[in-house]
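A.B. asks: Give me the fold of what follows.
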Amino acid sequence: MKREFSISLSFHLLLFLTVLFFARGLRLFSKPAYPAVYKVNLVALPQVSGNQGQDMESAPVPEAKPSVKKEPAVSKAKPQPKAKTPDKKQKSASGPVVPNLPKGMKVLAAEGVSPEGSYYLGMILTKISQHWRNPYQGGQPEIRATIYFKIDRQGNLLEASLEKSSGDALFDQAAIRAVYQAKNFPPFPQEMNLSVLGVHFEFEYVK
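C.D. replies: Sure thing, here's the model as predicted:
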C-alpha cells in the first residue's frame, strides 16, 4: 500500500511541476514583440521665396543653335593681264620700222606692195636719201621730179628713168644719180610675193 501511494504521489507531483513549468514558459513567450524604436530629430527645410521661384520658372532655356558648316573658301581666279597692243613705233611682224625718214622725197606709188611691205619702201627711201644731193639754186620756191625704177627680189636695180621732169636739168640728173648710186637695195621680205617691184619716187625742193 505504501509503495503504491508513494508512486502515485510522485506521479502527481511531477505532473504538477510540469504543468507549472509549462504555464510560466507560455507566459514568457506570449508577451507581444515590439519593433525597435529609434529617436530621430527632424530638421525643417529652408523656404524658397516667391521671386526666386518665379525666376527659376521664367528663366528662358537657351535654344540649341544649328551648327553651320563653313563652306571651303573658293579661290578667285586672278584676272589675266591684258595683252599689250603693239606700239606703232615698234617693229612690226614683217620687219623693222625705219624712223626719221628724210624730207624732200617720198614714194608716190609702188606696184603690188601691200601694207605689210610698206616698211620695205621706207628702207628704199632711206637708202636713196644717203646719195641725194640737191644742186638746185634757182629762184623758184619749189620744184619736183619723179623717177620710176624697178628692183628684183634680191634688191638689184633693174632700171631707172625720169618719169616727170622738174624743169631743171641739174635737178633731174641728181635725182636719177641718187637712185643708181643706191642700186644695192635690201632683198624683198617673205611677205612680198613679187618678182619685180616698180616704184614711183618723187624728189622735191621747197624753200
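
A.B. asks: Run through the helices of this protein in chain order.
C.D. replies: With DSSP state H applied, the chain shows helices at 2-29, 50-58, 118-129, 169-181, listed in chain order.

A.B. asks: For the chain, give me the ranges with low pLDDT.
C.D. replies: 1-2, 5, 19, 21-102, 114-117 (pLDDT under 70).

A.B. asks: And the strands in it, which stretches?
C.D. replies: Applying DSSP state E to the chain gives strands spanning 105-110, 142-152, 157-164, 196-206.

A.B. asks: and those strands as TSV, adding mean neighbour count and distance to Tyr180?
C.D. replies: Quick note: C-beta positions are derived from backbone N, CA and C, even for glycine. Below are these laid out as TSV (neighbours: other CB atoms under 10 Å; distance: least, CB to CB, whole Å):
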stretch	mean neighbour count	distance to Tyr180
strand 105-110	17	15
strand 142-152	19	9
strand 157-164	14	6
strand 196-206	18	12
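
A.B. asks: okay if I get these as JSON lines plus distance to Glu4?
C.D. replies: Below are the strands of the chain laid out as JSON lines (distance: least, CB to CB, whole Å):
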{"stretch": "strand 105-110", "distance to Glu4": "188"}
{"stretch": "strand 142-152", "distance to Glu4": "190"}
{"stretch": "strand 157-164", "distance to Glu4": "195"}
{"stretch": "strand 196-206", "distance to Glu4": "188"}
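
A.B. asks: closest one to Phe171 among the ones you listed?
C.D. replies: Relative to Phe171, the nearest member of those by CB to CB is strand 142-152, separated by 5.8 Å.

A.B. asks: in its sheet, what does that closest one sit against?
C.D. replies: strand 157-164 (antiparallel), strand 196-206 (antiparallel) (DSSP bridges).

A.B. asks: Can you tell me what sits against the first one?
C.D. replies: Where contact means CB atoms under 8 Å, 6 or more residues apart in numbering, the residues beyond strand 157-164 that reach it are 144-152, 172, 175-176, 179-180, 182-185, 196, 200.

A.B. asks: Could you figure out how far it is turned away from strand 105-110?
C.D. replies: 100 degrees (axes from the mean of the first three to the mean of the last three CA atoms, to 10 degrees).

A.B. asks: all numbers from here: first residue = 6
C.D. replies: With the count now opening at 6, the last piece we talked about shows up as strand 162-169.

A.B. asks: Extract the CA atoms of strand 162-169 and return them as CSV.
C.D. replies: What follows is strand 162-169, C-alpha atoms only, in CSV (Å, rounded to 0.1, in the frame of the first residue of the first chain):
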residue,chain,number,x,y,z
LEU,A,162,68.3,97.8,-159.5
LEU,A,163,67.0,96.7,-162.9
GLU,A,164,66.3,100.1,-164.5
ALA,A,165,65.6,103.8,-163.6
SER,A,166,64.2,106.6,-165.8
LEU,A,167,62.9,110.1,-165.5
GLU,A,168,59.1,109.9,-165.3
LYS,A,169,58.4,113.6,-164.7
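
A.B. asks: so it versus helix 174-186, what angle?
C.D. replies: 160 degrees.

A.B. asks: Next: the longest one.
C.D. replies: For the pair strand 201-211 and helix 174-186, the angle between their directions (the same axes, to 10 degrees) equals 140 degrees.

A.B. asks: Having no further points to raise, I will conclude here.
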